[in-house]
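K.L.:
model this:
(chains A and B)
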Amino acid sequence: MASGVKPRVKVPKTAAAGETITIKTLISHKMESGQRKDDDGNIIPRSIINRFTAEFNGQNVIDVTLEPAISTNPYFQFEAVVPETGEFKFTWYDDDGSVYEESKKISVS
Amino acid sequence: MRATLWITAAAIGLAGAATAQDSNSLSIDGEAMITEVAAPDHLENIDTIYSGWRFRSPETQALEVDDFDNPAFVFVEQAEDLWEQVDGSAEKSCASCHESVEEFAGLRAQLPRVENGELVTLEDLINRSRVEHMGAEPWKWSGGQMTAMTALIGVQSRGMPVEVAIDGDAAPFWEKGKDLYYTRVGQLDMACSNCHEDNYGVMIRADHLSQGQVNGFPTYRLKNAKLNSIHGRFKGCMKNIRATPFKEGGDEFKALELYIASRGQGLSVETPSVRN
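P.N.:
Numbering: from 1, shown residues only, chains lettered A, B, ... in the order given. Purely as a prediction, here's the structure:
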């Protein structure tokens, strides 16, 4: 069970129609690889975010598969074209079954 | 864009030995920071003081420009949760007594300072509150909770110039710190000044020596992906010169912290900064 998991997202509040905007996301997560051992020599079980997706008004924008070699607090920055006013929905899927969600509205003028 | 960055990085790498620092100016979320200022009067061998930010590569520098990109803010947000968290026999949290963390604006710039004949740092103040008012266990000096909290309190003073008192009550501590700064120790027989005063701006193997300013602490270091306390950093320096480090939170490091803070009088508080 991962503790202290907290998503952060930065999306501009406004944009022009058809403009390409930059989106930054970060989730604080320890990303335990499953390859390390504790002091007694037992393997520390793997616990990572294994998938990240972003949707805009229900349409998929990006879908990422994360592997154990990715460092702690995974950060994604990507670009998206916004045709209309709407809402970005970001979802992170944890190995332990937890799903973390965050939404950001953007208005297009 | 990427190509430009590479070229800039290469140019700095080549010029490293000749140029002391770059000429970039730092502004964080639109607020301008002072990273270069005339040295305080007590400094005899340096004319201008520079924030450590000026000695870092463009990629590292960029991380500090936007709070979202600054990895230290993960810890600042953790401290916001700690602020509300009840702990200890008095069943209080920081928020029980302090209305808002914003009331500490300016505090980081004045520390360490002398209170009732003792030199106190931000860590001392936090632990004093925890023990005396909350009835809680003191935090470890460089532990995750402590560095997160010093970052949260420190960031309230961001942009304010460092202004520590070095006269009056503080004078004996300052003198002691100055002695330590110029005393050679360890197997390599080096003093702080040998690197950070005589040779700042020079490459020490793969690293660019800064003036060793502490205006950005606690600082997020890329090498260990966490916040590092001032005393933790002193300890690292002492290990590098193969000396036996003083104790974190001990009188020696506190005096040294006061002296080094006074070497940065006038630089903006950059807490939490990002370094190698």
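
K.L.:
can the one helix or strand A:T20 maps to be said to contact chain B?
P.N.:
Using DSSP states H and E, the element containing A:T20 is strand A:19-28. Yes - using CB under 8 Å from any CB of the partner chain, strand A:19-28 reaches chain B at A:K24, A:L26, A:S28. C-beta coordinates here come from the backbone N, C-alpha and C atoms, glycine included.

K.L.:
weed out the non-buried ones from these.
P.N.:
For these, a burial check counting by 16 or more other CB atoms under 10 Å in any protein chain shown picks out A:L26, A:S28.

K.L.:
make a markdown table from the residues of strand A:19-28 next to chain B and add pLDDT and distance to A:S3 to it.
P.N.:
Output for the residues of strand A:19-28 next to chain B, formatted as a markdown table (pLDDT from 0 to 100; distance: CB to CB, whole Å):
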| residue | pLDDT | distance to A:S3 |
| --- | --- | --- |
| A:K24 | 92 | 24 |
| A:L26 | 91 | 17 |
| A:S28 | 88 | 10 |
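
K.L.:
what is the burial count for A:F52?
P.N.:
The number of residues packed near A:F52 is 20, by other CB atoms under 10 Å in any protein chain shown.

K.L.:
which parts of the stretch 151-276 of chain B sit against chain A?
P.N.:
Counting by CB under 8 Å from any CB, the stretch 151-276 of chain B sits next to chain A at B:A225.

K.L.:
tell me who's in contact with residue 94.
P.N.:
Since no chain was named, I'll use chain A. A:A2, A:V5, A:H29, A:S47, A:I48, A:I49, A:N50, A:Y100 (CB atoms under 8 Å, 6 or more residues apart in numbering or on different chains).

K.L.:
wrong one, I was asking about chain B
P.N.:
Counted by CB under 8 Å, 6+ apart, B:C94 has contacts B:L82, B:W83, B:E84, B:V101, B:S129.

K.L.:
ditto for B:V214
P.N.:
B:I230, B:R233, B:E257, B:I260, B:A261, B:G264.

K.L.:
do B:V101 as well
P.N.:
B:E80, B:W83, B:C94, B:L152, B:I153, B:Q156.

K.L.:
which parts of the strand or helix carrying the second one are buried?
P.N.:
Just to be clear, that refers to B:W83. With secondary structure defined by DSSP H and E, B:W83 is part of helix B:72-84. Judged by neighbour count (16+ other CB under 10 Å), helix B:72-84 contains these buried residues: B:A72, B:F73, B:V74, B:F75, B:V76, B:E77, B:Q78, B:A79, B:L82, B:W83.

K.L.:
these: which ones sit near chain A?
P.N.:
B:V74, B:E77, B:Q78.

K.L.:
what are the phi and psi values at the nearest residue to the second one once chain neighbours are set aside?
P.N.:
Leaving aside its sequence neighbours, B:E77 sits nearest to A:K6 (CB to CB, 6 or more residues apart in numbering or on different chains; 6.4 Å). Per-residue torsions, A:K6: phi -150, psi 120 (degrees, to the nearest 10).
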